[in-house]
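Engineer: build the 3D model from these lines:
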Amino acid sequence: MSYTALYRKFRPTEFSDVKGQDHIVTTLKNQVCADRIGHAYLFCGTRGTGKTTVAKIFAKAVNCEHPSDGSPCGACASCRAIASGASMNVIEIDAASNNGVDNIREIREEVAYSPAEGKYKVYIIDEVHMLTPGAYNALLKTLEEPPSYVIFILATTEAHRIPVTIVSRCQRYDFRRITTDTIAARLRELTEQEQVEAEERALAYVAKMGDGSMRDALSLLDQCIAFYLGQKLTYDHVLEVLGAVDTEVFGDFFRRICAQDLPGTIRELEEIVLKGRELSQFVTDFIWYLRDLLLLKSDQGMEEMLDVSGDRLLRMKEDAGLTDPDTLMRYIRVFSELSGQLRYATQKRVLVEIALIKLCRPEMERSYDSLLQRIALLEKRMEEGAAAAAPAWKPPAVEAGREADAGEPRKISVKALPEDIRRFIENFQELRKKAGSWQQMVLKGAQCRELPEHAGVQIILCKNHAIDENELAERLEQLAEQEMNVKMKVQVSTPDSDPRAADPVIDLSGFIDMEIEIEE
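Structural biologist: Okay, here's the model as predicted:
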């Protein structure tokens, strides 16, 4: 006889075998006991949570000749026929491949005939969200008023795609993700039946990797057992098969990041890659590790939320004390963005290395949380007495042969300038106020000098602003003529475009025109 996968071999056959869905199982059993069977049900939930399994058990229960406490007996002819797939009363339809109007029309024609044996004819339509709009419309009337012997069970992983007209005609049951503890207990029970020796820690990790899906966890367990057939299934074996990383590695990795040890972090990643670990899984697990640290950092009562040993918890508390919650949230953000990028990436290692550089070198980012981390690092260095003062901005050199200790460029005496240029300089701040808001900001801190042969003035901006220099010059010429009745040629330059950087300048910020109001 050929081998049967664990999730098929141990598929529940009665309600008591269903794990993690007690709220649904109890309701359906009570309906069977009280003979209050509905005509249409909608089972919603993520993959591997038991939707189709519960639908089949319910189909057996409503047709069972000797039901026990709402569950099928499994021994009568009807139960055996349904279990073997030979019953004509239970019709299972895959809506992904039978999603047209013609398929629904066949159902409408078949429901006219009562069941040859048993009480109910049960239609289980799996992946019902794949039906076409026309198929939904064809199903509406039959779903609303089917014959008394017909039950529809619709199963889907994407309930939001089902029209509200269909949902309103069904009893909706939401299947929850199964807890890690429940999955681990089930895995322990099955390994004992299969006579496979396994460590508790190994089963707990497989259960966690199942992500709330019993079927996924059983498939992973099947894979691990096959890889180490005849051997004890250990935690290290599970990590090897699934390409995962031990939590101790995450601690070392996190401490290197907090210490800004970029070379050490990259070398740690190199070791992970050489061991054949899957980078996508590594990123996902590291996000969960950061999440646990954030919980510990947020509140002491969060310790009960973490499923780790006492020694491991103490080590995680030490790691959480290395940084602040804002930085942890930044780490989680960067790695969460990375997780989405890795899904379709061809060079996963490069993307992971870029993310690590962002974490170890926050100055390379301009986001709000990276700025907070940079401030925190500066504060830490100041406390340690190792902060280096940032160099103050200095205007470009204006004298080619000036000495190194000259702090300011040579200045020009305003009194030596022609009358019209002197008036322009003295009224410059007033003219700046009448320019646009952007131009006003750009002209702040500007300097000037006289053009050759008393032709006009040259305005030198304090920074290399991205602005049209000719347009700004024309605007200043217009303002000089309007406000001062002076025709003045104006040339605007930035520090980089200044053709006469070695010539002396006049600092226009010193000419301030303040209006003072005296209250009587």
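Engineer: and the spatially closest residue to residue 460 that is not a sequence neighbour, backbone torsions?
Structural biologist: Once flanking residues are discounted, residue 460 sits nearest to residue 447: 4.6 Å by Cβ to Cβ, 6 or more residues apart in numbering. Using the backbone N, CA and C atoms, a C-beta is placed for each residue, glycine as well. Main-chain torsions, residue 447, degrees, to the nearest 10: phi -120, psi 170.
Engineer: burial of residue 447, as a residue count?
Structural biologist: Residues contacting residue 447 under the criterion other Cβ atoms under 10 Å number 23.
Engineer: quick check, it in contact with residue 508.
Structural biologist: Yes - proximity of residue 447 to residue 508 meets the contact threshold set by Cβ atoms under 8 Å, at 6.1 Å.
Engineer: which strands or helices does the lowest-mean-pLDDT helix or strand in the chain pack on?
Structural biologist: Of all the helices and strands that make up the chain, helix 368-383 has the lowest average by mean pLDDT, DSSP states H and E, namely a mean of 71. Under the contact definition 3 or more Cβ pairs under 8 Å, 6 or more residues apart in numbering; DSSP states H and E, helix 368-383 sits against helix 325-342.
Engineer: the next helix or strand after the helix it packs on to helix 368-383, inter-axis angle?
Structural biologist: Next in sequence after helix 325-342, counting helices and strands by DSSP states H and E, comes helix 348-360. Here the directions of helix 348-360 and helix 368-383 differ by 50 degrees (axes from the mean of the first three to the mean of the last three Cα atoms, to 10 degrees).
Engineer: average pLDDT for helix 348-360?
Structural biologist: Across helix 348-360, pLDDT averages out at 89.
Engineer: which residues touch that helix?
Structural biologist: Residues outside helix 348-360 that contact it (Cβ atoms under 8 Å, 6 or more residues apart in numbering): 257, 260-262, 265-266, 269, 273, 279-280, 282-283, 330-331, 334-335, 337-338, 341-342, 345, 364-365, 370.
Engineer: in that helix, what counts as buried?
Structural biologist: Residues of helix 348-360 classed as buried by neighbour count (16 or more other Cβ atoms under 10 Å): 348, 351-353, 355-356, 358-360.
Engineer: kindly report the same for stretch 427-446.
Structural biologist: Neighbour-count burial for stretch 427-446, counted by 16+ other Cβ under 10 Å, picks out 427-429, 431-432, 435, 439, 442-443, 446.
Engineer: could you do stretch 131-149 as well?
Structural biologist: By neighbour count with 16+ other Cβ under 10 Å, stretch 131-149 contains the buried residues 131, 135-136, 138-139, 142-143, 146, 149.
Engineer: can you show me the strands along the stretch 51-200 of the chain?
Structural biologist: Ranges of strands within the stretch 51-200 of the chain are 90-94, 121-126, 150-156, 171-174, based on DSSP state E, counting those that start in this stretch.
Engineer: of all the ones you listed, which one comes closest to residue 111?
Structural biologist: Minimum separation from residue 111 across the strands of the stretch 51-200 of the chain (Cβ to Cβ) falls at strand 150-156, 4.9 Å.
Engineer: now that closest one - C-alpha only, PDB.
Structural biologist: Only the C-alpha atoms of strand 150-156 are listed here, as PDB (Å, rounded to 0.1, in the frame of the first residue of the first chain):
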ATOM      1  CA  VAL A 150     -30.700  20.100   0.400                       C
ATOM      2  CA  ILE A 151     -27.800  21.700   2.400                       C
ATOM      3  CA  PHE A 152     -25.200  24.000   0.900                       C
ATOM      4  CA  ILE A 153     -21.800  24.400   2.600                       C
ATOM      5  CA  LEU A 154     -19.600  27.100   1.000                       C
ATOM      6  CA  ALA A 155     -16.000  27.200   2.000                       C
ATOM      7  CA  THR A 156     -13.600  30.100   1.300                       C
END
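Engineer: and it, which strands flank it?
Structural biologist: strand 40-44 (parallel), strand 121-126 (parallel) (DSSP bridges).
Engineer: run the chain-centre distance for that strand.
Structural biologist: Distance of strand 150-156 from the chain centroid (Cα atoms, centre = their mean, to the nearest Å) equals 34 Å.
Engineer: any idea which residue sits dead centre in this protein?
Structural biologist: For the chain, the residue nearest the mean C-alpha position is residue 336 (4.4 Å; Cα atoms, centre = their mean).
Engineer: isn't it up against residue 288?
Structural biologist: No - applying Cβ under 8 Å, one finds residue 336 not in contact with residue 288, separated by 11.1 Å.
Engineer: so, low pLDDT: which residues of this structure?
Structural biologist: Along the chain, the parts satisfying pLDDT under 70 run over 1-2, 244-246, 307-311, 365-370, 373, 384-414, 510-520.
Engineer: rerun at 80
Structural biologist: Flagging of the chain using pLDDT under 80 yields the residue ranges 1-3, 116-118, 242-248, 275-277, 299-313, 362-417, 436-438, 453-454, 465-467, 508-520.
Engineer: okay, domains of it per the record?
Structural biologist: 6-174, 180-242, 247-304+311-380, 414-510 (automatic domain parsing).
Engineer: how many neighbours does residue 61 have?
Structural biologist: Neighbourhood size, residue 61 [other Cβ under 10 Å]: 25.
Engineer: let me see the contact set for the residue nearest to residue 460.
Structural biologist: 395, 459-460, 462, 505-508.
Engineer: ok, back up a step: any chance of the buried residues of stretch 427-446 in CSV, with distance to residue 73 too?
Structural biologist: Below are the buried residues of stretch 427-446 laid out as CSV (distance: Cβ to Cβ, whole Å):
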residue, distance to residue 73
427, 102
428, 99
429, 97
431, 98
432, 93
435, 91
439, 88
442, 87
443, 91
446, 94
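Engineer: next, residue 491: phi, psi?
Structural biologist: Phi and psi for residue 491, reported as degrees, to the nearest 10, are phi -120, psi 130.
Engineer: wait, it sits on residue 473?
Structural biologist: Yes - with contact defined as Cβ under 8 Å, residue 491 counts as touching residue 473 (5.9 Å).
Engineer: mind listing the shared neighbours of those two?
Structural biologist: Here residue 491 and residue 473 have residue 459 as joint contacts, going by Cβ under 8 Å, 6+ apart.
Engineer: could you pull out the strands in the stretch 351-500 of the chain for me?
Structural biologist: With DSSP E, counting those that start in this stretch as the criterion, the stretch 351-500 of the chain has strands at 447-450, 456-460, 489-493.
Engineer: I'd like to know how far the residue nearest to residue 460 sits from residue 211.
Structural biologist: From residue 447 across to residue 211, the span is 64 Å (Cβ to Cβ, to the nearest Å).
Engineer: please apply the same query to residue 484.
Structural biologist: For residue 484, the distance to residue 211 equals 74 Å [Cβ to Cβ].
Engineer: cool, and residue 237?
Structural biologist: For residue 237, the distance to residue 211 - Cβ to Cβ - is 20 Å.
Engineer: list the contacts for the nearest residue to residue 325 once chain neighbours are set aside?
Structural biologist: Leaving aside its chain neighbours, residue 325 sits nearest to residue 297 (5.1 Å; criterion: Cβ to Cβ, 6+ apart). By Cβ under 8 Å, 6+ apart, the residues touching residue 297 are 320, 324-325, 328.
Engineer: which one of these is nearest residue 157?
Structural biologist: residue 328 (32.4 Å).
Engineer: surely that closest one meets residue 287?
Structural biologist: No - taking Cβ under 8 Å as the definition, residue 328 is not a contact partner of residue 287, at 11.0 Å.
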